[in-house]
Each structure stands twice: as C-alpha cells, then as structure tokens.
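Novice: Need coordinates for the below:
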Amino acid sequence: MRRPLRNAIGLSTLLFLGVGLLVQACQEDGLVPTGPDLAAAGASRTLKVSGGGTGGGAVTAPGVGGAGALGCNIAAGTYDPIECTKTYARNTVVQLTAVPTPGSAFKEWRGACTGTTASCSVRMDVNRQVRAVFKGRATPSFQLNVSGGGNGAGTVTSQAALTPNIECTISGGSPVSGSCSRGYTSGTSVILTAAANSGHTFNGWGGDCTGTGTCNLSLTANRAVTANFSGPAGPEAIFGRWESSRSTPVIGLHLSLLPTGNAVMWGHGGEPQLWNPVSGSFTQVPDQTCTDPSACELFCSGHTFLADGRLLTAGGHNEALGNNYGLTQASTFDGGIWQATGSMTYPRWYPTLVTLENGDVVALSGNRAPGQNASIPERWNGSSWTALSGADLELRLYPAAFVEPKNGDVFVAGEETVMMLDPDGDGSWSPGPPRLTTTRNYGSAVMLDSKLLYAGGGGRICPTTPERSAEIIDLADPSPAWAPTGSMSVARRQTNLTILADGKALMTGGTSACGFTSEAGAVFSAEMWDPATGQWSTLASAGVVRVYHSTTALLPDGRVLATGGGDGAGATQQRTYEIFSPPYLFKGPRPTYDLATTSMRYGQPFTVATPNAAAISKVTLIRLASSTHAFDMSQRLNTLAFTAAADGQSLTLTPPAAGRIAPPGPYLLFILNEQGVPSVAQTVLLSQ
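Specialist: Down below sits the predicted model:
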C-alpha cells in the first residue's frame, strides 16, 4: 500500500513544478498576473515597455489611470533597452502608439500587445509587459555614370576618401578603361576632377555638371556626367581655315548681313543678289525703286541699318553720266522688297551713312559731280531728309565715321582730318584729336567697345608704300588721344577689318604695293588683332586676290564671308566668295542658347537660357555688317556684363545703357565658353 502513495506524491511534485515553469514563462510575456496580483484585489498595476529589432522609434501613451503620459524612446538596433515603466490604477485601458524614427519602420507588437498596426490597447487588470519591434529600412542607392565627349583624352577621378572610387580613362570621346560607373547610398557626396592628357584640353563638363572646375554631386538620384576633352591643337586651332572659293552671280563690292541671316550683295551693273549661307544659293532681288538702271544704280551708295532692322541705302551711281556723278535717291530693303524713301537734297556718290543714337541716320560726303563734293551733311528722321546747313565741310569720300559714346556726336576718324559733328539743329563741326599717321587712304577702321582701331592704308601715290602701323583711341576717355598699337606683319591698303565673335579684329585682303590698286602686291594672309595685348597674329592665307572693291561680313555662325574685288581701276573682276573659319571654331564644342524674345531694351536685364551658363566667360553684341570700299558703316562691338543663375541654366545680361554706346538696330548675340568658342548667334533688335 505504501508504494502507490509514493508514486502519487512524485507525480504531484512533477505537476507542480511544470505548472510553475509555465506560469513563470507566461508572466515574462505579461500574460498572467504575478504573485501580488493574485492576492491584492484593487491594487495598482505596472506596465513595462521594451524594444526590439534593428530599427528605432518611440512608444507613447496619454496620461490616464493616475499616471502621466508615457514616452519611451528605443534606440535603433537595441533589443533590450532600459525598460520604460508606468503604474496605472487597476483595469485602466492604456492606448499605446509606436512611432518609428526616420529610416526605420514599425514591425510588430509582442507580449500583452500583438499585431503589426502602430497602435494597441492594453487593459491593466494585471501587470503587463509589451515589446515594440522596429526594423531598419534599407538605404536607397543611386548610380553615377561617367562618359566622355570630344576627340581628346584624359581621366576623371573622385576624391581619395570615396569608396568605391571613380577612376575613369577617356579617349576619343568614350570611356576605355577603369571604373566609370559606381553605385552609392543616397546622399553620398562625390567630387570629380578631370585631367587632360599631355597636349589635350579639358573643355568642360556636360550632363549633371557644368563648367571646367571640379564636379560636385550629391547622390540623391541617378547621375550622369560627361567629361569633354579635345585633342592636341591642330594648325586650324592656331591659324584658322579658308574654304575653297565659290562663284557668285555679281561682284560683291557692296555687302550687308540681314537680320534673317542671309546676306545681300551687289556690284556695278546687274541686280542685287540674296545669298543663303546655309545652302550657298543666290536669289535675285531686283531694286524695284529704279525703273531706269542707266540713271539710278545702287553702285557706290552708302548703306547702314535702321532701328527697325531694315537696310537703308542712300546715293549711288548715275550710269548715264559716268563716274563721280551721284544720286539723291534713298531706299530701304527688308530682305525681300526695296522701297523708295524721300530723296536727299544733294546727290552723293561714295557717301558714308551713320546711324545716330536715336535711330536717325546722317549722310556724310560723297560727290555730286566730278570735283564737286556734297559738303553739307543730311539727316534722315524716318520720313524726310534735313540738310545740316551749319556743318558745311568737305570731307574725303567714304569717310570712316562712328557715333561717339560720350555725347552721341559723329566722330569722323579719317581718312585724313579727324573731325566731330554735332548732328543736332543745323549741325556744327569741331576738330578732333589728330591721328599719329596723317593719311590712311583705304585703310580700315572698327569700333571695339569704346575703342576705335584704325590700321593700314596710305601709299596711294608711289613711291610711298602703305602702312603696317595701327593706332587706337578710346572715345570714352575725358580727353581722348590716339596711341600706337602693334603693327601688322604686312603693310596693306584696300583691306577690310571685320569684328570677330570673340571681340578680336580680323584683317583680310588688300595690297602691300603703292598706287591706287596693285594686284602684284596682293596680300593673301589674314591677320588678327587682340585688344587684350594690342598685338597681331598671322593666320591662314586666302586663295583669291581681293583688293579694290572687296568686302567682308561676320556671319551668325562666327565665320567670315569675304567676297568681291575688281569691277574698276583695272583690277580683276572677282565673281567669287570665300569663307574663313577663325581659330576659335577648332577649340572644342560650342555653347548653345535659347531666347524667349529677340527684343532687347537699353539698360534692361535680358535673359538667355543656356545649359552652359556656368562655363560662359564672355558675351558679345555685334551690329550687323554693312561693308563697302574698305569700311563697314554698321558693325560695332559691345561686350556685355552678365551673371549666371545659381542653377547654371541661364544668364542675365546687361545691355548697353544708351544708343550713343550702341546705336539701335539689329545685332548678333554671341555667348563664349572658357575656351573662347562662340555659340551660333541669334539676331536681336536693340531699341529704347
């Protein structure tokens, strides 16, 4: 009988121990009351909150049941933080909320709460334990791709501390080796540096970086960067290049670039021709204002642009009477139709036209008949001509004249005597500062900002030879005076100065021999004057003799059109044209831009949209060309101040302040990058 009793006692002991272990386990998860709760009805109850998981957050609850608000912070990656404890009156319902920290997410409740929603309710009828489990979110990653552009070679590297790093070798515009594509976590800062190989040039970034400095990126999205390298400078990047000559239906001894981008040219006899620089084609545009070509001809007229962009011509050649007999006729040309305007009082053959600061035009000089100079200037106001009877002065034919930037007077630089014309009222003359070289017959002159460059000329009567010398005067100075600048490598007369897109001056054609014109002394090499140094550099040589009656014009793409020559004085008739590409067109890719408007106002900010804003080093405004007899009556340079937008996508330009600085009318607008490469220009109309 004792053996069964012993067995019963042993079984009871095992059951008691098992139940104890189960109760202990349940108590740890807050599922059953602890010892005191079994005996103390109406006592307070304790809530313990802990955390878990790889993320972080907080568990909150409002103040209820005699306890204040709960705020339990759980650090990321802490499975067993210091427990947050609150004591509540028995049967209080506590509303818990889990709030993950940035970069974390709430995963689930454990213990007295279950589920995956961010809130749970706990009734405090017994002591409770709750665990809030947070998980960390994976940090997003983004790709950085480096590619190449241009025909050169170099490397792109990232900062040394970056892991993984970028070490990309580029040749011929493409990555060829190294690590050119990497992935990085969000927010990683990357600094890229481009280094060109020896003899090559880094021309700037493209894609998500601009400029030529370091490329600084924050990887908050996929990024793509292009490093543009150019190869060793070939001879064209130093000397430029002439294209082979092509034929023209007329001798282009009068040449004007129109706002459309086409050019109109005419000679002695035959109708004017419109030339398309893209197709190279010619279209005849007859002068409808002249019904008797023997009595009226545009040959040897003066011409410049009006404020509205139309070309104004005045004077010309009376073929029936012969050379030196001028015309009173004046007309305008809009690119398609010639229209007669009011006639001048005095016939003029070889006159100069000057656009004034308000858009009026003054006609200077010209022959009425052999030995009879039209010594009284006339002023066109848009509807009629007025003789400036108070300014009676005989000038050389086709005088080089410009609007002076201080007060808007007309500065006559020569060929010989320097004079100043006040065009208001009846007009009046005053002497100007004398030049260093007394005569520059068939030399050429241009205005570069406020500076006037006059080069070559002279040597009309043998044995005196033409000049190699050049001189400048800054008309913005309070007391302007002529000063010497660098001399050309070759003397020349009957030559042409053309303002280039970068603000330098190109000298082409002419003869180095004495006498009115001498093809034996024809100069083929071009020369370029740099206003920054005052020196000339010799460029590539043309293939055609261009002396008397040759002309040039800057084109919107930055090239130079050279045409004409002959048609008088025994010179060979040149029914051809050539195109010169300056060195800047061989130094890398061009910047680009777009305009919301082509109307530019004096002194009012003007916006240019360009993805190359951070890499722009210069902005130039150049009045359209209108050239004949070694002088361009319209071209003029204004270098504009500008600021780049912070996003690198636009420029804000500061136009000239007044018409005396830049006469109203059509201009080519160029932006140039740090390599000096110009954009293709658009034509803007500058006005009040």
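Novice: only C-alpha atoms for contact and neighbour calcs from this point on.
Specialist: Will do.
Novice: Show me where the stretch 401-550 of the chain has its strands.
Specialist: 410-414, 419-422, 428-431, 444-448, 451-455, 470-474, 483-485, 496-499, 505-508, 525-530, 535-541, 550-554 (DSSP state E, counting those that start in this stretch).
Novice: in the stretch 101-250 of the chain, which spans are strands?
Specialist: Applying DSSP E, counting those that start in this stretch to the stretch 101-250 of the chain gives strands spanning 104-111, 119-124, 128-136, 141-149, 153-158, 167-171, 174-179, 181-185, 188-196, 201-207, 215-219, 223-230, 241-242, 246-247.
Novice: Any chance of TSV for the ones you listed, columns mean pLDDT and distance to Ala681?
Specialist: Output for these, formatted as TSV (pLDDT from 0 to 100; distance: least, CA to CA, whole Å):
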stretch	mean pLDDT	distance to Ala681
strand 104-111	92	54
strand 119-124	94	66
strand 128-136	91	55
strand 141-149	91	23
strand 153-158	95	29
strand 167-171	94	31
strand 174-179	86	29
strand 181-185	91	36
strand 188-196	96	29
strand 201-207	87	20
strand 215-219	94	28
strand 223-230	91	22
strand 241-242	98	20
strand 246-247	96	24
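Novice: would you turn the strands of the stretch 401-550 of the chain into JSON lines with mean pLDDT?
Specialist: Rendered in JSON lines, the data for these read as follows (pLDDT from 0 to 100):
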{"stretch": "strand 410-414", "mean pLDDT": "96"}
{"stretch": "strand 419-422", "mean pLDDT": "98"}
{"stretch": "strand 428-431", "mean pLDDT": "98"}
{"stretch": "strand 444-448", "mean pLDDT": "98"}
{"stretch": "strand 451-455", "mean pLDDT": "98"}
{"stretch": "strand 470-474", "mean pLDDT": "98"}
{"stretch": "strand 483-485", "mean pLDDT": "98"}
{"stretch": "strand 496-499", "mean pLDDT": "99"}
{"stretch": "strand 505-508", "mean pLDDT": "99"}
{"stretch": "strand 525-530", "mean pLDDT": "98"}
{"stretch": "strand 535-541", "mean pLDDT": "97"}
{"stretch": "strand 550-554", "mean pLDDT": "98"}
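Novice: before we move on, the earlier item: would you turn the strands of the stretch 101-250 of the chain into JSON lines with mean neighbour count?
Specialist: JSON lines is the format used below for the strands of the stretch 101-250 of the chain (neighbours: other CA atoms under 10 Å):
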{"stretch": "strand 104-111", "mean neighbour count": "20"}
{"stretch": "strand 119-124", "mean neighbour count": "17"}
{"stretch": "strand 128-136", "mean neighbour count": "24"}
{"stretch": "strand 141-149", "mean neighbour count": "20"}
{"stretch": "strand 153-158", "mean neighbour count": "24"}
{"stretch": "strand 167-171", "mean neighbour count": "23"}
{"stretch": "strand 174-179", "mean neighbour count": "16"}
{"stretch": "strand 181-185", "mean neighbour count": "17"}
{"stretch": "strand 188-196", "mean neighbour count": "18"}
{"stretch": "strand 201-207", "mean neighbour count": "22"}
{"stretch": "strand 215-219", "mean neighbour count": "17"}
{"stretch": "strand 223-230", "mean neighbour count": "24"}
{"stretch": "strand 241-242", "mean neighbour count": "21"}
{"stretch": "strand 246-247", "mean neighbour count": "12"}
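Novice: Would you mind putting the ones you listed into TSV with distance to Glu404 alongside?
Specialist: Formatted as TSV, the strands of the stretch 101-250 of the chain follow (distance: least, CA to CA, whole Å):
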stretch	distance to Glu404
strand 104-111	71
strand 119-124	82
strand 128-136	73
strand 141-149	45
strand 153-158	48
strand 167-171	51
strand 174-179	52
strand 181-185	58
strand 188-196	46
strand 201-207	38
strand 215-219	45
strand 223-230	42
strand 241-242	35
strand 246-247	38
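Novice: how about the ones you listed, which one is nearest Gly456?
Specialist: strand 241-242 (22.3 Å; CA to CA).
Novice: Give the buried residues for stretch 421-437.
Specialist: By neighbour count on 16 or more other CA atoms under 10 Å, the buried set for stretch 421-437 is 421-423, 426-429, 432, 435, 437.
Novice: same deal with stretch 46-62?
Specialist: 46-61.
Novice: What separates the first and last residues of that stretch, distance-wise?
Specialist: 15 Å (CA to CA, to the nearest Å).
Novice: quick one: that stretch to chain centroid distance?
Specialist: Stretch 46-62 sits 58 Å away from the centroid of its parent chain (CA atoms, centre = their mean, to the nearest Å).
Novice: what residue ranges in the stretch 351-500 of the chain are flagged as low confidence?
Specialist: In the predicted model, the stretch 351-500 of the chain carries no residue with pLDDT under 70.
Novice: just checking, Thr188 touches Asn216?
Specialist: No: between Thr188 and Asn216 there is no contact under CA atoms under 8 Å: 10.7 Å.
Novice: Can you report how many residues neighbour the spatially closest residue to Pro463 that is not a sequence neighbour?
Specialist: Computed as CA to CA, 6 or more residues apart in numbering, the closest residue to Pro463 that is not its neighbour in sequence is Cys514, at 6.4 Å. By the criterion of other CA atoms under 10 Å, Cys514 has 19 neighbours.
Novice: ok, Cys514 touching Cys462?
Specialist: Yes: with contacts counted by CA under 8 Å, Cys514 reaches Cys462, the gap being 5.2 Å.
Novice: what are the ranges of the helices in the stretch 1-150 of the chain?
Specialist: All helices of the stretch 1-150 of the chain, identified by DSSP state H, counting those that start in this stretch, fall at 2-28, 35-39.
Novice: okay, now the domains of this structure?
Specialist: Annotated domains of the chain cover 21-136, 141-232, 237-586, 599-687 [automatic domain parsing].
Novice: how about those, which one is nearest Thr592?
Specialist: domain 599-687 (5.5 Å).
Novice: now the end-to-end length of the closest one.
Specialist: Distance between the boundary residues of domain 599-687 (CA to CA) amounts to 8 Å.
Novice: try stretch 428-446
Specialist: Start-to-end span of stretch 428-446 (CA to CA) is 24 Å.
Novice: just stretch 523-541 next, same as before
Specialist: Using CA to CA, the two ends of stretch 523-541 sit 8 Å apart.
Novice: in that stretch, what's buried?
Specialist: 523-529, 531, 536, 538-541.
Novice: Kindly report the same for stretch 473-483.
Specialist: Buried, per 16+ other CA under 10 Å, within stretch 473-483: 473-475, 482.
Novice: just those now: which is nearest Thr552?
Specialist: Out of the buried residues of stretch 473-483, the member with the shortest distance to Thr552 (by CA to CA) is Ile473, at 23.4 Å.
Novice: Test my guess that the closest one contacts Pro480.
Specialist: Yes: taking CA under 8 Å as the definition, Ile473 is a contact partner of Pro480 at 6.3 Å.
Novice: circling back to that earlier point, now distance to Leu96 too, for the buried residues of stretch 421-437, in JSON lines please.
Specialist: As requested, the buried residues of stretch 421-437 are exported to JSON lines (distance: CA to CA, whole Å):
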{"residue": "Leu421", "distance to Leu96": "92"}
{"residue": "Asp422", "distance to Leu96": "91"}
{"residue": "Pro423", "distance to Leu96": "90"}
{"residue": "Asp426", "distance to Leu96": "96"}
{"residue": "Gly427", "distance to Leu96": "94"}
{"residue": "Ser428", "distance to Leu96": "96"}
{"residue": "Trp429", "distance to Leu96": "96"}
{"residue": "Gly432", "distance to Leu96": "93"}
{"residue": "Arg435", "distance to Leu96": "95"}
{"residue": "Thr437", "distance to Leu96": "97"}
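Novice: If anything else comes up later, I'll come back, but that's it for now.
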